[in-house]
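Colleague: A predicted structure for the sequence below; I have some questions about it.
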Amino acid sequence: MEAKAGLQEWTSQPVGQARPRRAKRREPASEFREILIQAHRENRSYLMEHECKELLEGMGIATTGYLVAGSEDEAVEMANAVGYPVVLKIVSPDVVHKTDAGGVKLNLKHAEDVRRGYQAIVGAFKYQHIVGVSVQKMAAPGVEAIIGVTRDPSFGPVLMFGLGGVFVEVLKDVTFRVLPVTEADIDEMIGEIKGYPLLKGHRGVSVDIPALKALLMKISALVMAFPEIGELDLNPVFLYPEGNVAVDARIFVRDAEDTAPARAAKKQNMRDFFYPKSIAVLGASGVPGKLGYNVFRNLIFHEFKGKIYPINAKNDYVQGVKAYKNILDVPDPVDLAIVLVPAGAAQAAVEDCCKKGVKFLVVETAGFAETGEEGKKVQARIKETIEANGCRVLGPNCSGVINTHHNMVQSIGLIEELGKGNVGMVAQAGVYAAGIITGLRHVLDFGIVATIGNKMDISEADLLEYLGQDDHIDVIAMYMEDMKSGRRFIDVASEVTKKKPLIVLKNGRTEAGKKAVSSHTASLAGNDTINTAAFRQSGAIRARDNEHMFGLMKAFSKQPLPKGDGILVITYTGSLGVAATDVAYLNGMRLGDLEPHLKTRLMELLPDYVKTLNPVDYSFSMDPEQLVKTIEIGVESEDIGGFIVVIQGEILDRFVEPLRAIDTKGKPILSCVACKEFMMDDVIKMEKAGIPVYSTVEMATEVMADMYRFGLRKANQEQ
Ligand code: ADP
Ligand code: MG
């Protein structure tokens, strides 16, 4: 490919100098500052191609050059110096999309072409403000890519990479990661676009992947170094077998007030928050039906392991426990205070708690920022108080924390008896969490459930960080609607997912209200695209809906991870065997293949009419003994990583004990009982025996594949 020779010339040195000419290229920082000042003076947020390219060259990124001619003669002079063929482009603060407006002349081969091109451009833009005409080397054709950056309200700057040209217009073959990125993130980005085969080598053409990676890392560094960069597009970048070159570039800068660095995350051990030795309840009540009654009742009913102090101005005893008029009257230290007083009295209550030396507060009352301006002000004042006193607050407008391992239930609603389990959950809304805990109580035991409410202080990332460290918790689920400090969430989640599965259900995907955008990257970055990228980047498993999330929680909570990608499907109906097979292959798993001696053993076991060994279809004859023996054969096979078992609902009861007793040597079993909702008693028995039951085999198999992928990622990270 001729690209090679041509490229060398302009990757090694800048093609030219910008106007006004500068004696020597400066450091990118001072150079950028100068460009910014210029833009600011001219009251524009759009940086023109030559300005961007000068900055890029300063970062060691190859471009087609940033020379700008102010006259026809100068254009010819520059073209002669650059070498033909050249490209001319309009340089104007008013022209963002140059081609559309007739501002790009390609492949000009002689001085004459340059003159004609120059005149044509100047003619086409005679009523606009023209800075000049850019004269640049015509880049040899390469694989066209697009690289961009935009800013997401939750996650901050995000990097986009994809194939350019028609691919981006029509196929939108792009991928995102939240900045800054690691080399592993970049590898994933490059590998996950649909056009990856074109990069890797297609009909003898391939591109320089290390150079592409270096370019993406440089863009990441550039944007992290200059928070003023709001949006950036390199469209296109030509990728070659050796090197690459940015052919077009634009940057939109943003206001300085947006650029304050995020406040550093507070470092505080949250252990006492989840395992307090004493709790004061401000607003505890003896009147049934009141919030203060329920919360205090829950602490008593679940036999909270520490001391409890009701704070009540009027009564000496609350629900039989000695009460205090003010938290300051409590003779002993208090680790955590639950604030249930009305919003109007909350500020004083919080101040008292701080005076008492309480380090953790849970404000469950509503009526704060969610209600409007006045509430926002109250919330802001409370925030000042807690920050001044170095204490942390959950809420307001939340339903507190449940920690079954500490017999602690702070919920607003009365909660019945709970088992002690290994599932941790963070939910935005209290009622949602209560509904799930109560509903799933029969089939799933929770360890810690935290509701976050308005997130005045303690965020989902803080809670997640702690759940990652708690030894009782093996699986974490999060239900999110909005996400604050998204970058910290990614950092925390990336750490947590090295050890524990994190399941995220994020709603509000169809969020409208995107502001008008000028960059390509921003228009391709739908809100949910960024969410998906961020969760993938952090290793979280994104649940499609509530049902998928429950399905994942049960499986991760009760079963080990698959030991490989091969599954053994055992069913009483061929149709569900086919369905399981399809879903397995669609999700990166496959049917395992038994070793010859195991095949023989299985064949001896099977009735003659059974033809295939995987899925094993027993038809209506399947009995528990056959199932157990079949699983035992699979347990011995190197190629079987886990089992999908389809059981008839009417006889489910008979399978519970045999399946409970079986030693699968660390291989998971997920079961499907079609129409399970009509035989709940037996389903609950099976769930309590530790075997998750799904009403569709598709869900069971998909969940198995999710577990497999998690295990694979975990193993890769451990290496
Ligand atoms: P815009 O995106 O503002 O319309 P570009 O600078 O991207 O303008 O130019 C439009 C197209 O022209 C590019 O997508 C590319 O295919 C081609 N092009 C522009 N500049 C060059 C160059 N220096 N070498 C080769 N092709 C170029
Ligand atoms: Mg372009």
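Modeller: Received the coordinates, thanks. Residues are numbered from 1 along each chain as shown. Ligands and ions are numbered 1, 2, ... in the order given.

Colleague: How about the stretch 451-600 of the chain: which residue is closest to ligand 1?
Modeller: Relative to ligand 1, the nearest point of the stretch 451-600 of the chain is His520 (8.5 Å; CB to the nearest ligand atom). Any C-beta I mention is one placed from the backbone N, CA and C, and that applies to glycine too.

Colleague: So that residue is in contact with Ile146, correct?
Modeller: Yes - between His520 and Ile146 there is a contact under CB atoms under 8 Å: 6.6 Å.

Colleague: what sits in contact with each of those two?
Modeller: Overlap of the contact sets of His520 and Ile146 (by CB atoms under 8 Å, 6 or more residues apart in numbering) consists of Val168, Asp233, Asn235.

Colleague: how far away is the last one from Leu414?
Modeller: Taking CB to CB, to the nearest Å as the measure, Asn235 and Leu414 are separated by 58 Å.

Colleague: quick one: which of those two has more around it?
Modeller: Asn235 (22 against 15; other CB atoms under 10 Å).

Colleague: for the more buried one, what are its contacts?
Modeller: Here Asn235 is in contact with Ile146, Ile147, Gly148, Gly164, Val168, Asp248, His520 (CB under 8 Å, 6+ apart).

Colleague: In contact with the residue nearest to Phe678 when sequence neighbours are not counted, which residues?
Modeller: Excluding the flanking residues, the one nearest Phe678 by CB to CB, 6 or more residues apart in numbering is Gly649, at 7.0 Å. Neighbour list for Gly649: Val673, Ala674, Cys675, Lys676, Phe678, Met679, Asp682 [criterion: CB under 8 Å, 6+ apart].

Colleague: Try it again at 7 Å.
Modeller: Residues near Gly649 by CB atoms under 7 Å, 6 or more residues apart in numbering: Val673, Ala674, Cys675, Lys676, Phe678, Met679.

Colleague: What is the burial count for the first one?
Modeller: By that I understand Val673. Neighbours of Val673 using other CB under 10 Å come to 25.

Colleague: Over to the third one?
Modeller: For Cys675, the number of neighbouring residues by other CB under 10 Å comes to 9.

Colleague: excluding its backbone neighbours, what's nearest Cys675?
Modeller: Cys675 sits nearest to Gly649 (CB to CB, 6+ apart), 6.0 Å away.

Colleague: Spatially nearest residue to whatever residue of the stretch 451-600 of the chain ends up closest to ligand 2, not counting backbone neighbours?
Modeller: Across the stretch 451-600 of the chain, the shortest distance to ligand 2 (CB to the ion) belongs to His520, at 7.9 Å. Nearest residue to His520, sequence neighbours excluded (CB to CB, 6+ apart): Asp233, at 4.9 Å.

Colleague: Identify the residues contacting the one you found.
Modeller: Gly148, Arg250, Ser519, His520, Thr521.

Colleague: can you pick the most crowded of the residues you listed?
Modeller: Thr521 (29 neighbours).

Colleague: and the protein, which of its residues are near ligand 2?
Modeller: With CB under 5 Å from the ion as the criterion, the chain meets ligand 2 at residues Asn235, Asp248.

Colleague: so where's the longest helix in the chain?
Modeller: Criterion DSSP state H: the longest helix present in the chain is helix 697-718.

Colleague: for that helix, which positions count as buried?
Modeller: Neighbour counts over helix 697-718 (16 or more other CB atoms under 10 Å) mark 697-711, 714 as buried.

Colleague: check contacts around the residue nearest to Asp663 when sequence neighbours are not counted.
Modeller: Leaving aside its chain neighbours, Asp663 sits nearest to Val635 (7.5 Å; criterion: CB to CB, 6+ apart). Val635 makes contacts with Thr664, Lys665, Lys667, as judged by CB under 7 Å, 6+ apart.

Colleague: Starting from Ile251, give me the distance back to Val635.
Modeller: Val635 is 59 Å from Ile251, where distance means CB to CB.

Colleague: what residues does stretch 539-549 touch?
Modeller: The contact list for stretch 539-549 (CB under 7 Å, 6+ apart) reads 477, 493-494, 497, 501-505, 532, 535, 552, 706, 710, 713.

Colleague: can you rerun that using 6 Å?
Modeller: Here stretch 539-549 makes contact (CB atoms under 6 Å, 6 or more residues apart in numbering) with Ala477, Ala493, Ser494, Thr497, Leu502, Ile503, Val504, Leu505, Phe535, Asp706, Arg713.

Colleague: what about the fourth one, how many neighbours?
Modeller: Other residues within reach of Thr497, judged by other CB under 10 Å, total 22.

Colleague: Check it and give its pLDDT.
Modeller: The model reports Thr497 with a pLDDT of 97.

Colleague: Now do the phi/psi pair for the residue of the chain at minimum distance from ligand 2.
Modeller: Distance from ligand 2 to each residue of the chain (CB to the ion) is smallest for Asp248, at 3.4 Å. The phi and psi values for Asp248, taken as degrees, to the nearest 10, are phi -140, psi 150.

Colleague: Show me where the stretch 501-650 of the chain dips below the pLDDT cut-off.
Modeller: 508-519, 526-527 (pLDDT under 70).

Colleague: The closest residue to Thr404 other than its chain neighbours: helix or strand, and which one exactly?
Modeller: Distances taken as CB to CB, 6+ apart place Lys420 nearest to Thr404, at 4.4 Å, with adjacent residues excluded. Lys420 belongs to no helix or strand when elements are defined using DSSP states H and E.

Colleague: what's the neighbour count on Lys420?
Modeller: Other residues near Lys420 come to 13 when the count uses other CB under 10 Å.

Colleague: Next: Ile186.
Modeller: So Ile186, with other CB under 10 Å, has 21 neighbours.

Colleague: Could you tell me which residues make contact with it?
Modeller: Lys213, Leu216 are the contacts of Ile186 under CB under 6 Å, 6+ apart.
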